[in-house]
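>>> give me the fold of what follows.
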Amino acid sequence: MSKEIEKSNSGVPSTSTGRKIVSTGMMAGLQVSLGQVELPRMFNQLVLFVLDGSGSMSGIGISGRSKGHEVHSCVVNVLERLQQSKNKTSFDVGFFAYAEDSVEMFSIRSVTKYELIKDCFNPCEFIIKYEKTELLLSLTTAKDLALDYLEKYKDSNTSVLIIILGDGAINDYDESYQLKEELNQHEKISFSSILLETPQWEEKFSKALINEIRNGFKNLASEGADYLSTIDPDEIRKHMIKSITKVSQL
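Now for the predicted structure:
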């Protein structure tokens, strides 16, 4: 068979020198197919959001909307950032709401599986009993999930970050703190804590009480730098991103 016949049978146009010409349509098809290929995981990072859904989180924040809605907006921005990351397939995320009870908002799933327009991340929307603020049950469940995750990916680069957010005192603080201390001994588990303050705190509470609440949340973090106290939702968003970036070593 001649070279000319070979060229005509290849189905791809060629120049007189024998070099194949890739059409615009073929290139577009190639880009689409490559875009559908997921890169392999570079690491396994579990992020567990443990969010206060007690009655006070329905109060108004500085945005003019409820603090629960402010948290929702922060989480959407954080997940959007992760979904745009080149390592997006390496992140798994789960959510819990705590108050008088503990509710699993979303089970652990790849960050790519969240629908940011549809899904609700306002913890108040998941809580029925909201008069108390009890963290221990959610932390106990987070412990089991964290240890299972680390066992599942024990042969790879794996870590767990637990982000605790609340807006006041915790009724079962001592027990929750002890469990956090136990988990914090594990080299692959770390904690970030965020206190979403209320703008009117200075008018309602003594400085001693405010400092007690602040110190309590600070001690729920792995280190001082992993703690934030603010009334600004944008600062919360930045802190969440910083915590995830630090643990993932990106």
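>>> what lies in contact with stretch 214-230?
164, 166, 169-170, 173, 176-177, 180, 184, 190-197, 235-236, 239, 243, 246 (Cβ atoms under 8 Å, 6 or more residues apart in numbering). For the C-beta atoms, the positions are set from N, CA and C on the backbone; glycine is no exception.
>>> are any of those buried, and which?
Using 16 or more other Cβ atoms under 10 Å as the burial test, these include 164, 166, 170, 173, 176-177, 180, 184, 190-197, 236, 239, 243, 246 as buried.
>>> so of those residues, which ones are in helices?
173, 176, 177, 180, 184, 236, 239, 243, 246 (DSSP state H).
>>> quick one: contacts for the second one?
If I follow you right, that is residue 176. Taking Cβ under 8 Å, 6+ apart, one finds 135, 136, 139, 170, 220 in contact with residue 176.
>>> list phi and psi for the fourth one.
By that I understand residue 170. The phi and psi values for residue 170, taken as degrees, to the nearest 10, are phi -110, psi 130.
>>> so it touches residue 133, yeah?
Yes - Residue 170 lies in contact with residue 133 (Cβ atoms under 8 Å); the separation is 5.3 Å.
>>> would you mind writing the CA trace of stretch 169-182 as CSV?
Extracted in CSV, the C-alpha atoms of stretch 169-182 (Å, rounded to 0.1, in the frame of the first residue of the first chain):
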residue,chain,number,x,y,z
ALA,A,169,-21.0,29.3,76.4
ILE,A,170,-21.2,25.5,76.0
ASN,A,171,-23.2,23.7,78.7
ASP,A,172,-21.1,20.5,78.6
TYR,A,173,-17.9,22.3,78.1
ASP,A,174,-15.7,20.4,80.5
GLU,A,175,-16.5,17.0,79.0
SER,A,176,-16.2,18.4,75.4
TYR,A,177,-12.8,19.9,76.3
GLN,A,178,-11.5,16.6,77.7
LEU,A,179,-12.5,14.8,74.5
LYS,A,180,-10.9,17.4,72.4
GLU,A,181,-7.7,17.0,74.4
GLU,A,182,-7.8,13.3,73.9
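>>> would TSV of the contacts of residue 176 with pLDDT and distance to residue 114 be doable?
Shown next, in TSV, are the contacts of residue 176 (pLDDT from 0 to 100; distance: Cβ to Cβ, whole Å):
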residue	pLDDT	distance to residue 114
135	98	24
136	98	27
139	98	23
170	96	27
220	98	25
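>>> adding secondary structure and distance to residue 68, write those out as CSV.
Listed next are those as CSV, based on DSSP: H, G, I helix; E, B strand; the rest coil; distance: Cβ to Cβ, whole Å:
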residue, secondary structure, distance to residue 68
135, coil, 16
136, helix, 21
139, helix, 20
170, coil, 17
220, coil, 20
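>>> which single one of these is nearest to residue 109?
residue 139 (20.4 Å; Cβ to Cβ).
>>> for the closest one, which non-adjacent residue is spatially closest?
residue 179 (5.1 Å; Cβ to Cβ, 6 or more residues apart in numbering).
>>> ok, the one you found - contacts?
Going by Cβ under 8 Å, 6+ apart, residue 179 touches 136, 139, 140, 143.
>>> buried subset of the residues you listed?
Buried among the contacts of residue 179 by 16+ other Cβ under 10 Å: 136, 139, 143.
>>> pick out the residue nearest the middle of this protein.
In the chain, the centroid-proximal residue (Cα atoms, centre = their mean) is residue 47; its distance is 5.0 Å.
>>> right, and the helix or strand after whichever strand or helix holds that residue?
Per DSSP states H and E: residue 47 is located in strand 44-52. The helix or strand immediately downstream of strand 44-52 is helix 67-83, counting by DSSP H and E.
>>> can I get that following helix in CSV, CA atoms only?
C-alpha atoms of helix 67-83 as CSV (Å, rounded to 0.1, in the frame of the first residue of the first chain):
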residue,chain,number,x,y,z
LYS,A,67,-26.0,34.5,62.5
GLY,A,68,-27.0,31.1,61.2
HIS,A,69,-27.4,32.5,57.7
GLU,A,70,-24.0,34.2,58.0
VAL,A,71,-22.5,30.9,58.7
HIS,A,72,-24.2,29.4,55.7
SER,A,73,-22.7,32.1,53.5
CYS,A,74,-19.2,31.5,54.9
VAL,A,75,-19.4,27.8,54.3
VAL,A,76,-20.6,28.2,50.7
ASN,A,77,-17.6,30.5,50.0
VAL,A,78,-15.2,28.0,51.6
LEU,A,79,-16.6,25.0,49.7
GLU,A,80,-16.6,27.0,46.5
ARG,A,81,-12.9,27.7,47.0
LEU,A,82,-12.2,24.1,47.6
GLN,A,83,-14.2,23.0,44.5
